[in-house]
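> quick one, fold the following:
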Amino acid sequence: MLNRPSLFLRISSAMVILAGFMAMAAVREFGMLFLIIPLTLILLTPVGEWLDKKSSAYRIISKGIIISFFCFIPLLWLTLGILKGVITVILFVIIFIQLHQKTEKNYYYLFLMAFFLLVAASAQAPEPIIGPVMLIFLVSAIWAFIALRLHLDAERSLATPPVLISNQGLPIHPLFNTPIRFDRGLVFSISTVSIIAILLTTLIFATTPRLEAGFLGRNNTLDTVRTGINRSVNLNQRALLFEDPTAVMRVTFPDEPNGQYTGEMYWRVTTLSHYFRSQWEHIALRDSGTSNTANSLLGRIRAPFQSAATAAERTKSGNWRIVRQRIYMDTVPIEGIPCLDLIWKIILQGTPRGINVIWDPSKDFTLLLQSMGERRITYEAWSEIPTFDPQRLRDTPANYDNFLRKKDLDLLTYQDLLPETQTLINNITQNAKTPYDKARAIELWLSGTNFQYSLLMPPLPATHQIDAFLQRERRGHCELFASAMALMLRSLGIPARVVSGFKGGEWNAFDGSYTVRARMAHLWVEALFPSEGWVRFDPSPRSDIEETSRLRKIAGWLSGISLRAKMFWYQEVVRYNPDIQIKRFQDLSLNLIQWIQNKELEESPKSNVHTSFPINRFLKISIAILAGILAFFLIVRPWIKNKNTPWPLTEDQKRAQLLYFRLCRTLTRLGISPQNKTPQEWFAQLPENLASVKTPIQELIHTYLECRFGRRTLPKEQYHRLLRNIRELRKEGRAISP
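This is a model prediction of the structure:
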């Protein structure tokens, strides 16, 4: 039967182990199934300890397993790699120690291995849940170390109990001979220490300088049957396109009224200019195909592997409206960084290490992210929002030979449509005189009532899919519509390409941001007009598909919360640096000064100006924390100091305390001062001439300690007997004292 210190230790050590495994479960490669190991291990611990105590065969087999395992460690490192090999060794040590009897040193090893799991998880791009797990580990470790000390003290006391005989010939129970009771005072004390540790950890993290944690990154790719950005578009793919509700971007518009953007949101990623055998791919052109001012597109600022903001900037293409965006993206596609088109300037925030942003050599306004590991970034982008005059587009000459090199022109006008499809295109555009009017006619025809948007790819043939789509099926998703329009324009000699990215965003009034989801991935068309540049067309009809599934709505809501948690973890934890600290303290100081000035204006009788204190979020949180700490100490401290404590002494404890006080007064009268000394200290300093009265004094001391701190009962009969002993001690002490 476990006593209370042992049970306390078992529960707290199990929580430490579980916290270490929870940290590993926060890594996507391991996942929640990894928690099966510690849960099973905790259930098997009593069985393993019992076998280790009772069975010699179990101990022999355990030694054989240890020898075999450590012989195979080099092979583990070769097959699994260094990191996974080390994790495997840590897991083996935890499992082995947990399934055997444990000494003090074994518990320390167990806690250390759990801490190593936490460190290993931090090096593998964990999810934001790693933050609360770290706090759980901290609190569990505090409770576990205290429980271990209590357990060891109890065992040592039971192993070497003092043999004491009262002056009445009765045995005295040693301290801790009865089970320790964990009262509310002990639980309150440890809980207070845990809360203070959490507050101090948070305070130290927020205020002390640190090196940038640049290893918390991951690289993942999207499932090919889910909506998202891919390296290429293959029209031969036959699958149901699943609208993935995962949130991939969080966007704010700092300069827009109320943070809401009124224009169309096309989040451009990259262009796909090369078409061959039903597949679109990205390829570099010799000419940008834009206006002459775009020749400096490759101008860039690079700061490779330095702790400095990385930026890229080009010359403006025209006198268009500039829109600033602040974007957080959990995993940037390798195809490009999403921005509103046309991107003019970008600055990565948070002083990322080992991350660069460069212009794609194709000169198509694509920005590439170069990274050794993580692709999670926060960036600020400025985009030119093009506004084209239809009349100017109609007046644009259609002589592309003088505008593009022959190789680029051949690439941008290549198509493999059948003659009957070409006849259909001519019929659609027969009334259109200019390339722009032809493009508009095709766009309106594809987005009209003759076509239907569908997530299910229609049964298209192995070749000439677009011909079958235009002639027969006339249903599909944006890949088919954009491909059809681009090839139709090319058949008319108009250079065209498809553009991949995201379209739209969900407005969140709570924090004034837009959420862009994977299901918003989109493909549209750009047609080239000499002296004007690339003009966007979107032939896809409006989707009537709505998320009627409640489960999908919940999944979308949860993914939005997850994206915000990742953004908080990335910006406030991973990328938190001294620059942010200084800026926030400056903002706090300026806000306080402005608040004081506003108060003076409000209190001045000569002024009718009423201003409000622009408290930012950081200031609000700081004031709330400070108020909570002050309220805690103002309420709890007097509560603890009050004699009528919420945990009053029992009647037995009061009697034991009264006995000890009377004993101290008696000894003081005999010339022995126990003040500022423990009972053991002043008892050891009793003079030799008082040796005859040491036995009743020793009995009183141990009775006091057991009853006052060990919660042992003190019956009234024993209390009165010990009270008589104090009176007799006073008489005997006077008789033998010099």
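> residue contacts, the residue nearest to Gln422 when sequence neighbours are not counted?
Excluding the flanking residues, the one nearest Gln422 by CB to CB, 6 or more residues apart in numbering is Ser491, at 5.6 Å. C-beta coordinates here come from the backbone N, C-alpha and C atoms, glycine included. Residues near Ser491 by CB atoms under 8 Å, 6 or more residues apart in numbering: 415, 417, 421-422, 425.
> mind putting those residues into CSV with distance to Gly131 and pLDDT?
As requested, these are exported to CSV (distance: CB to CB, whole Å; pLDDT from 0 to 100):
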residue, distance to Gly131, pLDDT
Gln415, 53, 92
Leu417, 55, 93
Thr421, 57, 94
Gln422, 60, 93
Ile425, 57, 94
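> quick check: mean pLDDT of the longest helix anywhere in the chain?
Under DSSP state H, the helix in the chain containing the largest number of residues is helix 130-159. The average pLDDT for helix 130-159 rounds to 80.
> got the buried residues for it?
Buried positions in helix 130-159, judged by neighbour count with 16 or more other CB atoms under 10 Å: 130-131, 133-134, 136-148, 150-151, 154, 157.
> centre of the chain versus it, how much separation?
Counting by CA atoms, centre = their mean, to the nearest Å, helix 130-159 is centred 27 Å from the centre of its parent chain.
> report all helices and strands that that helix contacts.
Under the contact criterion of 3 or more CB pairs under 8 Å, 6 or more residues apart in numbering; DSSP states H and E, helix 130-159 touches helix 4-25, helix 104-122, helix 184-207.
> beta partners of Asn356?
Gln370 (DSSP bridges).
> residues near it, how many?
Neighbours of Asn356 under the rule other CB atoms under 10 Å: 21.
> give me the pLDDT value at it.
Here the pLDDT value assigned to Asn356 is 84.
> do the same with Arg711
Looking at Arg711, its pLDDT stands at 66.
> what is the least confident helix or strand in the protein?
Sorting the helices and strands of the chain by mean pLDDT, DSSP states H and E puts strand 300-301 at the bottom, at a mean of 32.
> what's the following helix or strand after that strand?
The element immediately downstream of strand 300-301 (helix or strand, assigned by DSSP states H and E) is strand 311-313.
> gap between the helix or strand just after that following strand and the chain center?
Per DSSP H and E, the first helix or strand lying C-terminal to strand 311-313 is strand 321-329. Chain-centre distance of strand 321-329: 24 Å, with CA atoms, centre = their mean.
> do stretch 82-98 as well
Remark: stretch 82-98 is offset 25 Å from the chain centroid, using CA atoms, centre = their mean.
> likewise for stretch 706-723?
With CA atoms, centre = their mean, you get 55 Å for stretch 706-723.
> quick one: end-to-end distance for that stretch.
One end of stretch 706-723 to the other measures 17 Å (CA to CA, to the nearest Å).
> need the contact list for Arg669.
Arg730.
> coming back round to it: state the distance from the residue nearest to Gln422 to Asn236.
21 Å (CB to CB, to the nearest Å).
> kindly report the same for Phe502.
Distance, Phe502 to Asn236, using CB to CB: 24 Å.
> all helices for the stretch 251-400 of the chain, in order.
Under the criterion DSSP state H, counting those that start in this stretch, helices of the stretch 251-400 of the chain are mapped to 390-395.
> so where's it uncertain?
Along the stretch 251-400 of the chain, the parts satisfying pLDDT under 70 run over 286-309, 351-353, 373.
> all strands for it, in order.
Assigned by DSSP state E, counting those that start in this stretch, the strands in the stretch 251-400 of the chain fall at 266-272, 274-276, 279-281, 300-301, 311-313, 321-329, 339-340, 343-349, 355-359, 367-371, 377-385.
> strands paired with the first one, and their directions?
This points to strand 266-272. Next to strand 266-272 in the sheet, as set by DSSP bridges, lie strand 339-340 (antiparallel), strand 496-503 (antiparallel).
> with just CA atoms, put it into CSV.
What follows is strand 266-272, C-alpha atoms only, in CSV (Å, rounded to 0.1, in the frame of the first residue of the first chain):
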residue,chain,number,x,y,z
TYR,A,266,-6.3,38.4,-56.1
TRP,A,267,-3.3,37.1,-54.1
ARG,A,268,-0.8,36.5,-56.9
VAL,A,269,1.8,33.7,-56.4
THR,A,270,3.3,32.9,-59.8
THR,A,271,2.6,32.6,-63.5
LEU,A,272,2.4,29.5,-65.6
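> any chance of JSON lines for the strands paired with strand 266-272, columns mean neighbour count and distance to Lys102?
Formatted as JSON lines, those follow (neighbours: other CB atoms under 10 Å; distance: least, CB to CB, whole Å):
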{"stretch": "strand 339-340", "mean neighbour count": "26", "distance to Lys102": "57"}
{"stretch": "strand 496-503", "mean neighbour count": "25", "distance to Lys102": "55"}
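> distance to Ser68 added to those, as CSV?
Listed next are those as CSV, based on distance: least, CB to CB, whole Å:
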stretch, distance to Ser68
strand 339-340, 56
strand 496-503, 53
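> does Ile73 touch Val89 like I think?
Yes. Between Ile73 and Val89 there is a contact at 6.5 Å, judged by CB atoms under 8 Å.
> can you pull the contacts of Pro419?
Going by CB under 8 Å, 6+ apart, Pro419 touches no other residue.
> any idea how far Arg490 is from it?
15 Å.
> again with Ile142
Distance from Ile142 to Arg490, by CB to CB: 69 Å.
> next one: Val323
31 Å.
> now Arg149
Counting by CB to CB, the gap from Arg149 to Arg490 is 79 Å.
> just to be sure, Thr79 is in a strand?
No. Counting by DSSP: H, G, I helix; E, B strand; the rest coil, Thr79 is not part of a strand but helix.
> just give me the neighbour total for it.
Quick note: Thr79 (other CB under 10 Å) scores 11 neighbours.
> for the stretch 101-250 of the chain, which spans come out with low pLDDT?
In the stretch 101-250 of the chain, residues with pLDDT under 70: 125, 128, 156-186, 203-228, 237-242.
> the strands of the stretch 251-400 of the chain: which one's closest to Leu460?
Across the strands of the stretch 251-400 of the chain, Leu460 has its closest neighbour in strand 279-281 (13.5 Å, CB to CB).
> so what's the gap between the closest one and the chain middle?
36 Å.
> that one - contacts with which helices or strands?
Counting by 3+ CB pairs under 8 Å, 6+ apart, the packing neighbours recorded for strand 279-281 are strand 233-234, strand 274-276.
> what residues does that strand touch?
Contacts to strand 279-281, defined as CB under 8 Å, 6+ apart, come from residues 231-236, 272, 274-275, 483, 498.
> what do you get if the cut-off is 10 Å, keeping everything else the same?
By CB atoms under 10 Å, 6 or more residues apart in numbering, the surrounding residues in contact with strand 279-281 are 230-237, 271-275, 479, 482-483, 486, 497-498, 500, 523.
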